[in-house]
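**Q** Return a 3D structure for these sequence lines:
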Amino acid sequence: MAYPKTPSHPPTYTEATTTSPNKPTNTHPKHAMLSITSNDRIRLLRFPDATITTISETLPTLWPKGIQNTRSHHETTEFKLRGNPFTHGPDEEKLAVRKLLLGLLDRFARTGWGVHAGLGRIGNYASVGEKDSVVFVRQTPRVLSWLCVSFDAADLMHVIGAPGELGGAFLEVFGDRIISCNRDLVSGSFEVRFRGGVWSKSGGAGPVLSRLVVLDVLRCLEDLGYMLCVSLDVDSGVGGDFYRSSGETWFCCR
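**A** Residues are numbered from 1 along each chain as shown. Below is the predicted model:
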């Protein structure tokens, strides 16, 4: 089920920043950061104004529920999304937030910011909602093909934005270790169901088997030219059903 488009008229980036008293002094940083915080917020740190304006204009097109608010917050620009995309929520919202992050990574790459590293948790700030972060580095603008791999529920893997040939690669590599490998012809996403509850299998073999699966997923991706760019804990494994995450979500490009 798709979300209806919600009219959203948040402050523009210019409006949100004209009164900020604490602008960073380094106007041409080499590194910048995207930080996920609370249940519904994205913060941008040390990106140039032109990039922040681009993201401000792009976000409403990527998030179906719209942007509730934009503000300056301690030398960051913070976007508050409608709903609870980074915590409990229905499957359609969990799918939408994965597509949102894919869209942001693509937009950053096109504007000259490449993924440098994922930092995960920084400091003991879980009580105030701090989650994962991604570091970006200046680079030549690039047009890339993106997909994400989401390890979900007890036995599912969803691959969003994947080319059709990836299904054949999964069938060849995993064989009878999978029950089904189906592709949604509208979205292009794959849903792979593994045998034996691979993400929650009891006993000592479970952790080993799950890691062997992960290695084979990497093999399939790299055989098609994809590399793992960043791995993020998108929603802390709460909410949803088929998209209840059982591990960090991979974002890959070629």
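
**Q** drop to CA atoms for contacts and neighbour counts, all remaining ones
**A** OK.

**Q** Helices along the stretch 1-150 of the chain, start to end?
**A** 13-17, 49-62, 91-110 (DSSP state H, counting those that start in this stretch).

**Q** Worst mean pLDDT among those helices?
**A** Among those, helix 13-17 carries the lowest mean pLDDT, a mean of 54.

**Q** Quick one: residues contacting Ala109.
**A** Ala109 sits next to Val115, Pro141, Arg142, Val143, Leu144 when contact means Cα atoms under 8 Å, 6 or more residues apart in numbering.

**Q** re the thing from before, return the most buried member of the helices of the stretch 1-150 of the chain.
**A** Of all those, helix 91-110 carries the top mean neighbour count, a mean of 20, counting by mean count of other Cα atoms under 10 Å.

**Q** now that one, how far from the centre of its chain.
**A** The chain centre lies 6 Å from the centre of helix 91-110; the measure is Cα atoms, centre = their mean, to the nearest Å.

**Q** the inter-axis angle of that helix versus helix 49-62?
**A** Computed by axes from the mean of the first three to the mean of the last three Cα atoms, to 10 degrees, the angle separating helix 91-110 from helix 49-62 equals 150 degrees.

**Q** Quote the end-to-end distance of stretch 183-203.
**A** End-to-end distance for stretch 183-203: 32 Å, by Cα to Cα, to the nearest Å.

**Q** Tell me which residues are up against it.
**A** Here stretch 183-203 makes contact (Cα under 8 Å, 6+ apart) with 151-164, 167, 177-182, 206-207, 209-210, 246.

**Q** Just the ones of those residues in strands?
**A** Secondary-structure check on these using DSSP state E: residues within strands are Phe151, Asp152, Leu156, Met157, His158, Val159, Ile160, Ile178, Ile179, Ser180, Cys181, Asn182.

**Q** what's the farthest-apart pair in these?
**A** Maximum pairwise distance among the ones in strands among the contacts of stretch 183-203 (Cα to Cα): 19.1 Å, between Ile160 and Ile179.

**Q** quick one, which of those two is more surrounded?
**A** Using other Cα atoms under 10 Å, the more surrounded residue of Ile160 and Ile179 is Ile160, with 23 against 14.

**Q** List the residues that contact the more buried one.
**A** Lys99, Leu147, Cys148, Val149, Ser187, Gly188, Ser189, Phe190.

**Q** rewinding a little: just put the helices of the stretch 1-150 of the chain in TSV and tack on distance to Leu34.
**A** As requested, these are exported to TSV (distance: least, Cα to Cα, whole Å):
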stretch	distance to Leu34
helix 13-17	16
helix 49-62	11
helix 91-110	10
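
**Q** Tell me which of the ones you listed lies nearest to Asn39.
**A** Smallest distance to Asn39 across the helices of the stretch 1-150 of the chain (Cα to Cα): 11.6 Å, for helix 91-110.

**Q** ok and that closest one relative to strand 156-160, angle-wise?
**A** Angle of helix 91-110 versus strand 156-160, following the same axes, to 10 degrees, is 40 degrees.

**Q** can you pull the contacts of Asp155?
**A** Contacts of Asp155 by Cα under 8 Å, 6+ apart are Arg193, Phe194, Arg195, Gly196, Gly197, Val198, Trp199, Ser200.
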